[in-house]
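> Quick one, what's the 3D model for this:
(one chain, ligands or ions: 1)
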Amino acid sequence: MIQDNIESFEQALFADLGKPRWEAGGEVANIIPASLHAASQLEEWAAPEKPQVQEWLQSWDPTVYSVPKGVALIIAPWNFPIVLCLLPLIGAISAGCPTVVKPSETTPTCSALLATLFPKYLDPEAYAVVNGAVEETNVLLANRWDHIFFTGGGNIGKIIAAAAAQKLTPITLELGGKSPVIVAEDCDVELAAKRILWGKTQNCGQLCVAPDHVYVVRSVAPAFIAALKKAYATFWPKPIFSPEMEWGKMINSRHHARVKKLLDRSKGTIIIGGEVEGDQRISPTIVTNVQPDDSLMEEEIFGPILPVLEVENTDDAIKHIAALPSPLVLYAFTDSSKTKDKLLQQTRSGSIVFNDVYSQMSVQQLPFGGFGESGYGAYFGKASFDTFSHRRPFVNVQPSAEPLFAARYRPYTEQAYNV
Ligand code: NAD
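You can find the predicted model right below:
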């Protein structure tokens with residue numbers, strides 16, 4: 001489906017998000033290696049597991065079978081409207097779950113394209129797209145599901161989890177949050193600036209794993225800010241809204257207004273950007289001198305605004321991070337193995353990545369998911385298969401085991417207590 005229709009997917013992503021072809025093609029193409037990985041590993045993932053057991057239990061043949069949970073519902077958001085429908089679907093298909101996919105109503109071109117293509121490539125008895133907004137989602141949620149996989153914001157996640165709880169349906173919540181970046185005194189600040197700015201401006205900052213804000217150690221703050229300016233000038237040598245710059249747009253005027261309001265209320269210093277065009281475009285913007293109580297620190301920004309907060313040292317950054325809800329990712333730029341160990345031990349987040357952004361997503365073998373307020377459950381690779389599978393333990397006890405059980409039957413004799 002992806003190979004045959006890559007251009008249609010690119011066009012749909014351009015129509016809904018103004019996404020440059022390079023980014024759109026790359027995004028959708030990710031489905032191919034993920035599918036191939038699942039196809040090549042499936043036999044191994046699905047193989048019955050034989051745990052190591054004591055000798056006297058071996059004749060029972062203890063085994064864990066992975067069985068499909070049943071009928072699944074995938075609810076996806078608008079920011080990666082194709083991939084966030086199809087990546088979890090790979091898990092559902094590989095586990096053997098018939099699935100309804102509910103794309104976001106906010107990206108109508110992509111959602112309509114999925115609805116058109118599904119019946120051409122997938123068995124319509126087993127896989128369906130249902131398009132719609134809140135009303136239609138509520139109708140879906142009123143049904144019985146064996147697993148619900150939701151990607152989106154935490155507030156809607158609570159609504160979905162509450163609906164799932166009514167029927168005790170297991171659920172995966174892939175949520176967002178404010179993923180921080182630490183820039184330590186011992187890192188290559190030029191490289192850090194380039195990678196962070198690139199990451200922050202993918203999909204106009206509308207990524208769940210986007211670097212939300214930066215804690216830079218004060219001693220390297222001037223060099224880091226200079227490097228951000230340099231990277232900016234290299235990425236966008238012409239005015240940002242000129243067509244050659246292929247700068248995308250905020251998903252809609254509501255989100256645009258939300259991000260602009262956060263920026264307008266900020267007490268920080270805009271050192272680059274801050275330009276707005278129409279009601280959907282806002283330029284990549286770097287804001288320095290940001291304090292922890294700034295408007296830009298109130299909620300996940302989900303737009304191309306990068307607040308930079310200065311800290312004394314990495315311990316100080318750790319304290320700031322601990323004061324906020326658990327992020328989906330913690331990024332840190334540092335060359336020190338001592339600092340890396342400290343961050344691994346003293347922070348919480350869905351994933352942790354050193355010296356880059358997004359690289360965690362390239363490793364199919366790593367589970368991807370949140371922790372605490374950024375969600376629960378995980379997917380990617382085997383984790384996707386496991387999400388949609390029930391691990392069903394099995395023992396096959398022989399009638400000839402009866403002598404072993406003799407002592408368990410009533411009446412409990414003195415002899416039984418002495419066994
Ligand atoms: P959204 O508004 O598209 O909503 C997500 C889905 O929930 C849609 O399908 C929508 O129809 C449905 N929905 C919306 N309101 C509902 C309601 N009241 N009842 C039932 N269903 C409802 O997307 P969003 O929530 O704005 O997505 C952005 C958020 O998603 C961000 O917080 C981002 O960080 C997070 N996100 C997380 C991941 C991840 O993998 N962890 C990936 C992408 C986005």
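> residues in this protein within reach of the ligand, list them.
On the criterion C-beta under 6 Å from any ligand atom, the ligand has as its neighbours in the chain the residues 75-79, 84, 102, 104-106, 133-134, 137-138, 151-153, 156, 159, 174-176, 208, 300, 302, 328, 370, 375. Glycine gets a C-beta too; all of them are placed from N, C-alpha and C.
> Out of the residues you listed, which end up buried?
Neighbour counting by 16 or more other C-beta atoms under 10 Å classes 75-79, 84, 102, 104, 106, 137, 151-153, 156, 174-176, 208, 300, 302, 328, 370, 375 among the residues of the chain next to the ligand as buried.
> Looking at the residues you listed, which are in strands?
Secondary structure of those is defined by DSSP state E; positions in strands are 75, 102, 151, 174, 375.
> quick one: low-confidence parts of this protein?
When residues are selected by pLDDT under 70, those of the chain lie in 415-416, 418-419.
> Closest residue of it to the ligand?
G176 (1.9 Å; C-beta to the nearest ligand atom).
> The nearest residue to that residue once chain neighbours are set aside: what's it in contact with?
Sequence neighbours aside, C208 is the residue nearest to G176 in space, at 4.4 Å (criterion: C-beta to C-beta, 6 or more residues apart in numbering). With C-beta atoms under 8 Å, 6 or more residues apart in numbering as the criterion, the residues that contact C208 are 79, 151, 174-177, 328.
> F149 belongs to a strand?
Yes - with DSSP: H, G, I helix; E, B strand; the rest coil as the criterion, F149 is located in a strand.
> tell me how far stretch 86-100 is from the chain's mean position?
Its chain's C-alpha centre and that of stretch 86-100 lie 17 Å apart, by C-alpha atoms, centre = their mean, to the nearest Å.
> got it, and stretch 4-11?
Distance of stretch 4-11 from its chain centroid, counting by C-alpha atoms, centre = their mean, is 23 Å.
> buried sites along that stretch?
Buried residues in stretch 4-11, counting neighbours by 16+ other C-beta under 10 Å, are found at 5-6, 9-11.
> which residues sit against that stretch?
Residues outside stretch 4-11 that contact it (C-beta under 8 Å, 6+ apart): 2, 19, 21, 24-25, 28-29, 82, 109-110, 113, 117.
> any chance of those in CSV, plus neighbour count, secondary structure and distance to I272?
Below are the contacts of stretch 4-11 laid out as CSV (neighbours: other C-beta atoms under 10 Å; DSSP: H, G, I helix; E, B strand; the rest coil; distance: C-beta to C-beta, whole Å):
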residue, neighbour count, secondary structure, distance to I272
I2, 16, helix, 36
K19, 23, coil, 22
R21, 14, helix, 26
A24, 24, helix, 26
G25, 16, helix, 28
V28, 23, helix, 31
A29, 16, helix, 31
I82, 25, coil, 31
T109, 16, helix, 32
C110, 27, helix, 31
L113, 23, helix, 36
L117, 17, helix, 41
